[in-house]
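A.B. asks: Structure of the sequence below:
(2 chains)
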Amino acid sequence: MTALTTAIRLPRADVRGYLAAGGFIVLGLIDIFVFSGLFSTGHHGDAVFALSLPGSGIQVPSVHVPAPPTALALGLVTIAAGAVRGAADLRPGTIELTSLRKRLLIGIALIGSLFALLCWADASNPVGSMNLIDLLQGTVFAAIPLVLGALSGLLCERSGVINIAIEGQLLTGAFAAAMVSSAVGATVGLWFGLLAGCLTGGLVGALLAVFAIKYLVDQIILGVVINLLALGMTNYLYDRVMVPYANFNTGNFFTPYKVPVLGDIPIIGPIFFDSSVILYIAYILLIVIQVALFHTRWGLRVRAVGEHPTAADTVGIRVLLTRYRNVILGGMVAGIGGAYLTVGSTGQFSTGISSGFGYIGLACMIFGRWKPLGATAAALLFGFARQLGQELQLLNVPISPYLLAMLPYVATIVAVAGLAGKVRAPAADGKPYIKA
Amino acid sequence: MTEQQTAVTEPAAGPGRARLTPGLLIEAVTQGSPTVITILAIFSALVVGGVLIVVTDPVVLRAWDSLGYAPAAAFSSTWQSVAGAYSALFEGSIFSPATIDHAFHGGSIAAIFYPLSLTVYLATPLILTGLAVAVAFRAGLFNIGATSQFIGGAIVAAWLGADVSLPLVIHVVVCVAGAMVGGAALGWVVGELKARTGAHEVIVTIMLNYVMANLLVYLLSGHSLLQAPGQPNQVGAPVAGNAVLPHVGGPPPQADVGFLLAIGAAAAVAWLLSRSTIGFQFRTVGANPSAARSAGMSVERTWVRAMLIAGALAGLAAATVILAGASPPPPLAPSTPGTYGFDGITVALLGRAKPGGVVLAGLLFGALNAGGTNVAGITSVPTDIVQVLEGLIVLFVAAPPLIRSIYRLRGAAGTGIEDFAKGWNG
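C.D. replies: Sure, this is the predicted structure:
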């Protein structure tokens, strides 16, 4: 029996070992032969990374890195990491690696190669230098709708209702926020717009709640149908209202607000504390939901409803009421995320502005194991992938912008494929509760 | 589950059953058979859509503003707004009485059939993407990625159609087969990832949609593989004459062999699901994966097969668009995939994931799309109203208890659509 199981298990581990080690070595070779620029023309010299935004208060000196040797060294490190991983997987007894150390090696290889890529992209561009603050600030901005979408998803799913309709909540929230803020105008209008986005998201949440909880419609299908309806509805209203009456889509948006003391800290300030007010709302929501879910009686009840509704019902928790409340609250949170897409950034609504953020937010929620902080980490990762693509485009990297635009989506697939099976949703997630 | 229950309790409700007496017919209506529910869902969607048309019509709103001194005008403008839009929808998709009048006065008789042929033409890819979603549904998979599979098929079909030259019949056959392979490859990725890693197909398919949409633009720009030579825009090269699907007849844009392919595919899927071993495995895995595994079926292999077939069907849909009989076929562009993939979901849901139902639902949505262009052309209502109507129809179809309570039907409670999709824990 033991012989049989090892005989079956070994080849799979072997394949994984070869893949991991081989992947590292390929990355290292790319670092050395492509990113170092030693084997091509025109990619020499220093890579300059700016560490403060132009025109900001305290200027931090830019970092100069000799690009070719750095990329070469990083490539060698990556190959070494691959060799260690390969030895550990394929030659049992030579090196033993804990799973933490394995992850550390993956981190070294990926971050090293990423830095080599940045050196190459930066050194090859004679005009500008890469601004790391811009990259990281963009990462945070791109993560805002994802975090709020993921929070919406996990509020619903912790209570046992699958929320695929995040995309629709973002989209309708974005539309309502743009329309109301334009109609009311001025700074007050922005707050009305934010409120409108929040309430509209809540309305879509209520639609989801009624159909899922009262009419017992399959929740995954329901979510997708609501998304299609939201897309059709916003497209229709955009063509019918916003196109002929431009005063309903003026592009009114929150100017960035710098937090007094925190915003002046070099490097950290511009990244985290100099943005539209919705980022600060997201911070508050993130902390409140994290604490409420895991450290309050309310959170315990919500999780009980999501894991074992019958037991929760037995001890007197009102299952359906909890679900209605959470799904509507989730919709409101996603509605704020939608408002960010319009009044939080450029102001104007355009059709299909949510462009899959709702679904990526959903993936962030799964990736973050249904925990607010985990989902945020995942959202930052996807935000980084997205922003990196855009920054590389600005540096005129000879890679098509359309291929770079695939980055966050490919990253999501890799993350979901690499992690699925190791995560577990709330036990009653997606199962309607019918009182016996 | 519910489908079978209703079939058992209401034998008279199903179409094609013997002896449809008036009594049974009344019972079917009052009990709310699936057909009756569907009809009422469509009606309800039209009512809600009508309200949406009215409340966003500036003419109507102005008339209601002066309700006090011209009440009749308010009501008549409301009626005109809705009736205008819906009659334009009908005339653009089924037939327009004006064309008969024209035919009597020396106009073309063929023009009478133009709206119908447009409906059939637009329904063709919808039926196929609908089948792509339906097949996956039956195996318990929710395929939101018909768009990506469509693009996969479109890329291969456009490349084979424009850059390869082959003899007459062979070329079109190769292109159609290539499109199916292209779509199947994308479907395979989804099935394989789910089978090997457990990655949920909903997320993988959505992400692949965006990946493939970007890949398509990439291939169509910067002198890549598919961009027409000497063309600065993102447009593909025209498909060679030999690769075009032949016409069946009728006035342009006439139904071409594509529609026959769609009907044939529906028949093949029907046979596959109800008569073949693979189809039996699909249905068993879809109904209860653990039971299927206990019975010795490979759930993982079934997923991969289902996604392969689904992808091939979506690829075939792309072939019917890229190699369309309209002469010359419109070249491949970033906008070519349109909403075919997502419309496939609504078509499959409306058709209750049954091949026959999918064909009917595809024709209905083809008619809505055909009419939608006419609505935008004649009235001030944007063509997007069709998207809203489609979403509403499916939302109502998905919730029979809602329809029952609106129309006071007595029938047994139950959900409309079987639990096709599985949650995150599988």
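A.B. asks: pLDDT weak spots in the chain?
C.D. replies: Answering for chain A, as no chain was given. Regions of chain A meeting the criterion pLDDT under 70 cover residues A:1-17, A:37-45, A:55-58, A:124-128, A:419-422, A:436.
A.B. asks: um, chain B though
C.D. replies: Along chain B, segments meeting pLDDT under 70 span B:1-20, B:28, B:31-32, B:248-255, B:325-328, B:411-426.
A.B. asks: Now stretch A:384-392: buried residues?
C.D. replies: Using 16 or more other Cβ atoms under 10 Å in any protein chain shown as the test for burial, stretch A:384-392 gives A:384-392. For glycine as for every other residue, the C-beta is placed from the backbone atoms N, C-alpha and C.
A.B. asks: now the helices for the stretch 251-400 of chain B?
C.D. replies: B:257-275, B:277-287, B:289-294, B:299-322, B:340-350, B:355-378, B:385-398, B:400-406 (DSSP state H, counting those that start in this stretch).
A.B. asks: The fourth one versus helix B:277-287: what angle between them?
C.D. replies: The directions of helix B:299-322 and helix B:277-287 differ by 110 degrees, with axes from the mean of the first three to the mean of the last three Cα atoms, to 10 degrees as the criterion.
A.B. asks: list the buried ones in helix B:299-322?
C.D. replies: B:299-300, B:302-322.
A.B. asks: Show me which residues of the stretch 1-150 of chain B are close to chain A?
C.D. replies: Counting by Cβ under 8 Å from any Cβ of the partner chain, the residues of the stretch 1-150 of chain B close to chain A are B:52, B:56, B:142, B:144.
A.B. asks: count of residues packed around the third one?
C.D. replies: With neighbours defined by other Cβ atoms under 10 Å in any protein chain shown, the count for residue B:142 comes to 22.
A.B. asks: For it, which three-state class applies?
C.D. replies: Using DSSP: H, G, I helix; E, B strand; the rest coil, the three-state assignment for residue B:142 comes out as coil.
A.B. asks: Identify, from the residues of the stretch 1-150 of chain B next to chain A, the entry nearest to residue B:114.
C.D. replies: Nearest to residue B:114 among the residues of the stretch 1-150 of chain B next to chain A: residue B:52, at 28.2 Å, using Cβ to Cβ.
A.B. asks: what's near enough to touch the closest residue to the closest one other than its chain neighbours?
C.D. replies: Residue nearest to residue B:52 in three dimensions, not counting chain neighbours: residue B:388, with 6.4 Å by Cβ to Cβ, 6 or more residues apart in numbering or on different chains. Residue B:388 makes contact with A:229, A:232-233, A:236, B:49, B:52, according to Cβ atoms under 8 Å, 6 or more residues apart in numbering or on different chains.
A.B. asks: For those, give me JSON lines that also has secondary structure and neighbour count.
C.D. replies: JSON lines is the format used below for the contacts of residue B:388 (DSSP: H, G, I helix; E, B strand; the rest coil; neighbours: other Cβ atoms under 10 Å in any protein chain shown):
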{"residue": "A:229", "secondary structure": "helix", "neighbour count": "24"}
{"residue": "A:232", "secondary structure": "helix", "neighbour count": "22"}
{"residue": "A:233", "secondary structure": "helix", "neighbour count": "22"}
{"residue": "A:236", "secondary structure": "helix", "neighbour count": "24"}
{"residue": "B:49", "secondary structure": "helix", "neighbour count": "25"}
{"residue": "B:52", "secondary structure": "helix", "neighbour count": "20"}
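A.B. asks: Nearest to residue B:406 among those residues?
C.D. replies: residue B:49 (15.6 Å).
A.B. asks: Right, and chain A sits closest to which residue of the stretch 1-150 of chain B?
C.D. replies: Closest to chain A within the stretch 1-150 of chain B is residue B:56: 4.6 Å, counting by Cβ to the nearest Cβ.
A.B. asks: these two touch, right, that residue and residue A:242?
C.D. replies: No. Shown here, residue B:56 and residue A:242 do not form a contact pair, counting by Cβ atoms under 8 Å, at 11.1 Å.
A.B. asks: So which of those two has more stuff around it?
C.D. replies: residue A:242 (22 against 19).
A.B. asks: Residue B:389 contacts residue B:46, doesn't it?
C.D. replies: Yes. Residue B:389 is within contact range of residue B:46, at 6.9 Å (criterion: Cβ under 8 Å).
A.B. asks: Quick check: can you list the domain ranges of chain A?
C.D. replies: A:11-128, A:133-419 (automatic domain parsing).
A.B. asks: for the ones you listed, which one ends up most surrounded?
C.D. replies: Comparing those by mean neighbour count (mean count of other Cβ atoms under 10 Å in any protein chain shown), domain A:133-419 comes out on top with a mean of 22.
A.B. asks: Check the offset of that one from the chain's centre.
C.D. replies: 10 Å (Cα atoms, centre = their mean, to the nearest Å).
A.B. asks: What of stretch B:152-165?
C.D. replies: 23 Å.
A.B. asks: Run the contact check for that stretch versus chain A.
C.D. replies: No. Figure legend: stretch B:152-165 not in contact with chain A (Cβ under 8 Å from any Cβ); closest approach 13.4 Å.
A.B. asks: In that stretch, which residues are buried?
C.D. replies: Buried-residue list, stretch B:152-165, by 16+ other Cβ under 10 Å: B:152-162.
A.B. asks: which residues sit against that stretch?
C.D. replies: The contact list for stretch B:152-165, computed with Cβ under 8 Å, 6+ apart, reads B:171, B:174-176, B:178-183, B:185-186, B:212, B:215-216, B:219, B:225-226, B:228, B:236-240, B:242-243, B:311, B:314-319, B:321-323, B:331-332, B:336-337.
A.B. asks: Are any of those residues buried, and if so which?
C.D. replies: Neighbour counting by 16+ other Cβ under 10 Å classes B:171, B:174-176, B:178-183, B:185-186, B:212, B:215-216, B:219, B:226, B:228, B:236-240, B:242-243, B:311, B:314-319, B:321-323, B:331-332, B:336-337 among the contacts of stretch B:152-165 as buried.
A.B. asks: what subset of those is also close to chain A?
C.D. replies: Restricting the buried ones among the contacts of stretch B:152-165 to those touching chain A (Cβ under 8 Å from any Cβ) yields residue B:215.
A.B. asks: what would the domains of chain A look like in JSON lines with distance to residue B:76?
C.D. replies: Formatted as JSON lines, the domains of chain A follow (distance: least, Cβ to Cβ, whole Å):
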{"stretch": "domain A:11-128", "distance to residue B:76": "61"}
{"stretch": "domain A:133-419", "distance to residue B:76": "21"}
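A.B. asks: between those, which gets nearest to chain B?
C.D. replies: domain A:133-419 (3.0 Å).
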